[in-house]
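[1] Build me a model:
(2 chains)
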Amino acid sequence: MALVQLSISALPVHVRTARLVASAVARRSGLPESALDEVRLAVGEACSRAVENHRTHCPQQPITVELREHIQSSPGPGRFEVTVLDRAPGAERPPGGGGVPTAALPYAEAGEVSGLSPDIGLAVISGLADQVDVEGSANGTTIRMSWPIGDQQPSETGTRTGEFSG
Amino acid sequence: MDLKLEHYTEDDTEIVVVEGEIDVYTAPRLRELLIDLVNQGRFHLVVDMEKVEFLDSTGLGVLVGGLKRVRAHDGTLDLVCKQERILKIFRITGLTKVFGIHDTVRDAIDNRKTQ
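    Residues are numbered from 1 along each chain as shown, chains lettered A, B, ... in the order given. Take a look at the predicted model:
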């Protein structure tokens, strides 16, 4: 198993840094070209959430991004896994399945940069990653997402928790 | 690359040309421009995203915020985008049902005027 670990300050500009590194490591791991955009966007969403949470609760604490290439010994494709760990307190809600109903799009409080709730980021991640696991605790949140390595496209009937609505 | 913003007037519509990456770092600049245009009385906006290389949910939020502002003045905010990798996030979030998304600026303007 190959590992790249990144620790970033809770600054919006470093979300881009994490995206670039994730994209480069994913490419080197052999992820299909079609999945690189998905990795880039999903990692960006997870890091954006972490940065926002840290800026509110613990701006001095770093955010950890771990990029793993799992080489499985048994038959079957390996997986490329990204874990984003924040240290902001409060349990995280798990991502909902499927696209976000238009009528139910949550809006953030006035004054925030985004007009949408941070929960929209989880919905996007769910729609992009092949597998997503969100674990919240009083010590922070871990978002773990992965994609199969190989030439094949992700399975339409696999464990993907969100599907494109279009 | 960083975010580059330009805008010009065509007919009664303000065209905002966006180039580069719209993310949590750059989205505030787009938000400020959209707010400025609405404050100047420009209530029909078209955001040309053909040169956008990356868009995340923060960027989506800014576009939704702009749409809410122009609608408060009976205005419109349409998008121009043909890039599949950008359109994907609109589909995932269901926002294809909220925004008019067109192939060209001309299409966006003509479509609004025929409605």
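
[2] and B:Glu14, what helix or strand is that in?
    Using DSSP states H and E, the element containing B:Glu14 is strand B:13-22.

[3] and what of B:Asp78?
    Element membership for B:Asp78, per DSSP H and E: strand B:76-80.

[4] Quick one: list the elements packing against that strand.
    If you count contacts as 3 or more Cβ pairs under 8 Å, 6 or more residues apart in numbering or on different chains; DSSP states H and E, strand B:76-80 packs onto strand B:44-55, helix B:57-71, strand B:100-102, helix B:105-113. For glycine as for every other residue, the C-beta is placed from the backbone atoms N, C-alpha and C.

[5] in its sheet, what does the third one sit against?
    Spelled out, it's strand B:100-102. Using DSSP bridges, strand B:100-102 pairs in its sheet with strand B:76-80 (parallel).

[6] Could you do the first one as well?
    In the sheet, strand B:44-55 lines up against strand B:13-22 (parallel), strand B:76-80 (parallel) (DSSP bridges).

[7] what angle separates the shortest one from helix B:105-113?
    Between strand B:76-80 and helix B:105-113, the angle formed by their directions is 150 degrees, by axes from the mean of the first three to the mean of the last three Cα atoms, to 10 degrees.

[8] In the helix or strand just after strand B:76-80, which residues are buried?
    Reading on from strand B:76-80 to the C-terminus, the next helix or strand found by DSSP H and E is helix B:84-92. Of all the residues in helix B:84-92, those buried under the rule 16 or more other Cβ atoms under 10 Å in any protein chain shown are B:85-92.

[9] Could you check the worst-scoring helix or strand of chain A on mean pLDDT against chain B for contacts?
    Least confident helix or strand, chain A: helix A:119-128 with a mean of 89, by mean pLDDT, DSSP states H and E. Yes: under the criterion of Cβ under 8 Å from any Cβ of the partner chain, chain B is reached by helix A:119-128 at A:120-121, A:123-124, A:127-128.

[10] helices and strands around that helix, which ones?
    helix A:33-57, strand A:131-137, strand A:140-148, helix B:57-71, helix B:84-92.

[11] Which one of those lies nearest to B:Lys51?
    Among those, the nearest to B:Lys51 by Cβ to Cβ is helix B:84-92 (10.3 Å).

[12] Test for you: state the pLDDT assigned to the closest residue to A:Ala50 other than its chain neighbours.
    Nearest residue to A:Ala50, sequence neighbours excluded (Cβ to Cβ, 6 or more residues apart in numbering or on different chains): A:Asp86, at 3.8 Å. The model reports A:Asp86 with a pLDDT of 95.

[13] And for B:Val17?
    Looking at B:Val17, its pLDDT reads 98.

[14] re the thing from before, ok, the residues of helix A:119-128 next to chain B vs chain B, which is closest?
    Top of the list for closeness to chain B, among the residues of helix A:119-128 next to chain B and by Cβ to the nearest Cβ, is A:Gly127 at 3.7 Å.

[15] picking up where we left off before, I'd like the residues of helix A:119-128 next to chain B written out as JSON lines, with neighbour count and distance to A:Ala10 added.
    JSON lines is the format used below for these (neighbours: other Cβ atoms under 10 Å in any protein chain shown; distance: Cβ to Cβ, whole Å):
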{"residue": "A:Ile120", "neighbour count": "28", "distance to A:Ala10": "20"}
{"residue": "A:Gly121", "neighbour count": "28", "distance to A:Ala10": "15"}
{"residue": "A:Ala123", "neighbour count": "26", "distance to A:Ala10": "22"}
{"residue": "A:Val124", "neighbour count": "28", "distance to A:Ala10": "20"}
{"residue": "A:Gly127", "neighbour count": "28", "distance to A:Ala10": "25"}
{"residue": "A:Leu128", "neighbour count": "26", "distance to A:Ala10": "23"}
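
[16] re the thing from before, reformat the buried residues of helix B:84-92 as TSV; add distance to chain A and pLDDT.
    What follows is those, written out as TSV (distance: Cβ to the nearest Cβ, whole Å; pLDDT from 0 to 100):
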residue	distance to chain A	pLDDT
B:Arg85	5	90
B:Ile86	10	94
B:Leu87	8	95
B:Lys88	7	92
B:Ile89	6	93
B:Phe90	8	94
B:Arg91	4	93
B:Ile92	4	91
